[in-house]
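Undergrad: fold the stuff below for me.
(chains A and B, ligands or ions: 2)
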Amino acid sequence: MNLAVKDIRHNLGRFALTALGIGMLLMIVMGMGGIYRGIIEDATLLVDKAGADLWVVQRGTRGPFAEVSRLPPNLVDRVAAVSGVADSRKFVFHTIQREHGGKPLRMAVLGLDWPTDRGEWLPLMAGRPLAQNHYEMIADRTLGLELGERIPLGNDTFAVVGLTSGMIDSGGNGLAFFTALDAQAVQFDLPGEAIRLERAARRGRADRIDLSRTQPPLLDRAEGESAAIPAIPPPALSAVLVRVQPGVDPGAVASTISGWADVSVHTREDERQLMLAGPVEKAKLQIGLFRVLLTIISAIVMALILYTMTLDKLQSIALLKLIGAQNRVILGMILQQALVLGTLGYGIAYLLGQRIFPRFPRRVILTDSDLIELAVIVLGISILSSLLGMWKAARVSPNEALSG
Amino acid sequence: MSNSLAIETKLLTKIYGSGNTEVVAMRDVSLAVRRGEVVALLGPSGSGKSTFLTAVGLINPPTSGQILINGQLVMDGPRAVVDPTAFRREHIGYIFQKSNLIPFLSARENVQVALELAGWRPGKARQRALELLDYLGVADRAGNMPAALSGGQQQRVAVARALANQPSIILADEPTAALDRSRGRQVMELFAKVAHEQNAGVIVVTHDERTLEVFDTIYEMEDGVIRPGAGHAHHAMPAEAR
Ligand SMILES: Nc1ncnc2c1ncn2[C@@H]1O[C@H](COP(=O)(O)OP(=O)(O)O)[C@@H](O)[C@H]1O
Ligand SMILES: [Mg+2]
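TA: Ligands and ions are numbered 1, 2, ... in the order given. Coordinates of the predicted model:
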């Protein structure tokens, strides 16, 4: 006869509620672990998905995610000319927050190097890659945009032609993919008045230099488009992505390019580490610590519950001792109940989590190793927390059965 | 012939507390109970009956004195000479006034658990538990939880459990207090029957004067001292007088 099971059966409702409570607590611990893992995954997702062996960024910066990096567009061609490079691509990346349909629309804008890169590598769940070099975009599902929807950004309107799933930046913002030119246009889009003011200011500056007197056309040019003025560079790239030829050591290519005075080069692994050490480091630490705290709290709560369950049974425990039950039998009963509670709680946590976590705004990733780790922790908690109850039970004298 | 004695106590004394709060609950109690003998212990409340019974039941050690069961020294002063838990399981059946049953076990399981603790295999233990309940006339309530049983039924289940391991001594502390007169008498007669059939020594603490003819010997306790009682005490005598 299993005393632990008999007792649980007798107080089934209460035990079930307790298990549910512990299950929910463990679900939060599990979720915290999942959020932690999600932050890491999200942070490195773009780096991994972009598939570049090397990231060329502005000299001395840790760009393009950790900080702003600006490169001239012609760098793409300079890099492509380096021996061992299979291809090089523009990478334009920035975050914008606009309004759409009366709600704030926050997205990470990523420029694809049209026509070599049309977004074929993206995990499309609907629609198609980009098919023209302007006015099309691929949006992540998390942005809440529909296929075919038209989004005005700056002076242009973009049609959503494809939808991805799970493409977000380290801040959890959904990604939107444009051609690099469109991405830059969205980024550097200035209102008409700002452009007029800047042109007037340019004219003012030109007026004050001798060159404009010897070369009058310069004054006319000063009022034109930025792109038409040689002295003013066109909008910058965030990075240049490099893939090396098969069999070529990325390190060798990296050392060639980093010899140039205007750029720094990071390998894919560097870039991942920069993400983890930089933008997400604090969030990671915060959640990690929170998880530790929650685990400790769960242990305390479980210990108190098991202790209370033992207190409720003191009379029965005394009686069992009176009819000859050794401490071993009693302690076994308490330990078994602790294990049943822990196991049930864990199971409930898992089942609830499976249903609830997908509804979270950011990814909650339950990896097998994290699940196993938590299972071991719960096992440890169950055993440790039953000690308090066992300690009490071991001290009950059969005499106490008489004082009922 | 000490080996025909089921219970023998020598100068048992129990003192609760110390200093100002000291209470001498039992003083130099020497008593012998033969196998097959059924003893009633009478006395006013607070006279030390429960203290004596729990001492003999190896539940509440005396301050001084000795206890022998089946001729074997089991308590020497406050020190247990045997493992009290194991000894209780094998040799002692204990029944008290109320709250005798484990609330989360059915009537049958309450008996069965005592057998399983003594090493019976579950199947056999279950069968014997049912036989015992049948013997006590509560077989039809075997599946009920204690809360669903009347006081008398609960007490019979407790008796069945006390008898389960064929103890050589049975100790009952006011077992009929919760029962009506005829039920009380039935339980007392049962003790006598068991004592005679199983050759066990039985001590029953009781207030019920009407059931006294069931007993072989009657003792009275007052202020921690036991002496032979009146009435049916036809062959009552303290151990030292033998
Ligand atoms: N645990 C205890 N601590 C202190 N005094 C006790 C304790 N148990 C019993 N006593 C005292 O010992 C005396 C005998 O009690 P008890 O054996 O319960 O008597 P009875 O069973 O005859 O009513 C009483 O005065 C009682 O107050
Ligand atoms: Mg009493």
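Undergrad: roughly how far out does the helix or strand harbouring B:Gln153 sit from the chain middle?
TA: Using DSSP states H and E, B:Gln153 sits within helix B:151-163. Distance of helix B:151-163 from the chain centroid (Cα atoms, centre = their mean, to the nearest Å) equals 12 Å.
Undergrad: I'd like the next helix or strand past the host helix or strand of A:Gln97.
TA: Assigned by DSSP H and E, A:Gln97 falls within strand A:85-100. Going down the chain from strand A:85-100, the next helix or strand is strand A:103-112, by DSSP H and E.
Undergrad: ok, then the element right after that following strand?
TA: strand A:124-127.
Undergrad: shaky segments in chain A?
TA: A:190, A:212, A:225-235, A:402-404 (pLDDT under 70).
Undergrad: buried set for the helix holding B:Gln153?
TA: B:Gly152, B:Gln153, B:Gln154, B:Gln155, B:Arg156, B:Val157, B:Ala158, B:Val159, B:Ala160, B:Arg161, B:Ala162, B:Leu163 (16 or more other Cβ atoms under 10 Å in any protein chain shown). Just so you know, the C-beta spots here come from the backbone N, C-alpha and C atoms, and that holds for glycine as well.
Undergrad: contacting residues around it?
TA: With contact meaning Cβ atoms under 8 Å, 6 or more residues apart in numbering or on different chains, helix B:151-163 is reached by A:323, B:93-95, B:98, B:100-101, B:107, B:110-111, B:113-114, B:129, B:132-133, B:135-138, B:141, B:146, B:149, B:170, B:172, B:175-176, B:178-180, B:183, B:187, B:190-191, B:194, B:198.
Undergrad: just the buried subset of those residues, please.
TA: A:323, B:93-95, B:98, B:100-101, B:107, B:110-111, B:113-114, B:129, B:132-133, B:135-136, B:138, B:141, B:146, B:149, B:170, B:172, B:175-176, B:178-179, B:183, B:187, B:190-191, B:194, B:198.
Undergrad: so which of these reach ligand 1?
TA: Among those, proximity to ligand 1 is found for none (Cβ under 6 Å from any ligand atom).
Undergrad: can you flag which of those belong to strands?
TA: Among those, the members falling in strands are B:Gly93, B:Tyr94, B:Ile95, B:Ile170, B:Ala172 (criterion: DSSP state E).
Undergrad: contacts only, for the third one.
TA: Applying Cβ under 8 Å, 6+ apart, one finds that B:Ile95 lies in contact with B:Gln155, B:Ala158, B:Val159, B:Ala162, B:Ile170, B:Leu171, B:Ala172, B:Asp173, B:Pro175.
Undergrad: mind picking the two most distant members of those residues?
TA: Spanning the widest gap among the contacts of B:Ile95 are B:Gln155 and B:Leu171, at 14.5 Å by Cβ to Cβ.
Undergrad: pretty sure B:Leu130 is touching B:Ala142, no?
TA: Yes. Applying Cβ atoms under 8 Å, one finds B:Leu130 in contact with B:Ala142, separated by 6.0 Å.
Undergrad: of those two, who's got more company?
TA: Using other Cβ atoms under 10 Å in any protein chain shown, the more surrounded residue of B:Leu130 and B:Ala142 is B:Ala142, with 21 against 17.
Undergrad: can you map out the helices along chain A?
TA: Shown for chain A, the helices assigned by DSSP state H span residues A:3-10, A:12-50, A:75-80, A:180-187, A:192-207, A:210-214, A:217-222, A:250-257, A:268-277, A:281-312, A:314-322, A:327-356, A:368-395.
Undergrad: of all these, which one is nearest B:Glu220?
TA: Of all the helices of chain A, helix A:314-322 comes closest under Cβ to Cβ, at 26.6 Å.
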